[in-house]
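S.K.: my questions are about this predicted structure, shown below with the sequence.
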Amino acid sequence: MDSIDLSIIDDDLVLNQLGEPELRAEADCIAQDLRHMLREKGYAFSMIGERSQVKLATLTTQVEIEMENDTRIYPGTAKVALIGEALNCSARTLNNETIEVTL
């Protein structure tokens, strides 16, 4: 399955030298979609500053489930960790590419 999307950085389209939108493909596209999902659903903000280990474990599991609901992610490969104030997510795509996202 081919994944192609517009490249977005800092909530803005990335343009090439001709002023045309740049594209992201395959693993880069999946990682961008994952980053947007995490921000839109508020997972990163919910986890940062949370002191309850039970709530953190629940949120981590929810994020992993959301990641694995993406049909482009190989089941069982989603991993989520909160390190300091950074939310680190990684997984393998069906094309055997590794994606990593840090918020």
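M.R.: That came through, no problem.
S.K.: all contacts plus neighbour counts: C-alpha atoms, from now on.
M.R.: Will do.
S.K.: list of residues touching stretch 42-54?
M.R.: Leu38, Arg39, Leu56, Leu59, Val63, Leu82, Glu85, Ala86, Leu87, Leu103 (Cα atoms under 8 Å, 6 or more residues apart in numbering).
S.K.: what comes up buried for stretch 5-25?
M.R.: Of all the residues in stretch 5-25, those buried under the rule 16 or more other Cα atoms under 10 Å are Asp5, Ser7, Ile8, Leu23, Arg24.
S.K.: same check on stretch 69-78?
M.R.: Buried residues in stretch 69-78 (16+ other Cα under 10 Å): Arg72, Ile73, Tyr74, Pro75, Ala78.
S.K.: how about the contacts made by the residue lying farthest from the centre of the chain?
M.R.: The outermost residue of the chain relative to its centre, with distances by Cα atoms, centre = their mean, is Leu18 at 28.9 Å. When contacts are counted by Cα under 8 Å, 6+ apart, Leu18 touches no other residue.
S.K.: angles on the backbone of it, please.
M.R.: phi -90, psi 0 (degrees, to the nearest 10).
S.K.: how about Asp12?
M.R.: According to degrees, to the nearest 10, Asp12 has phi -140, psi 150.
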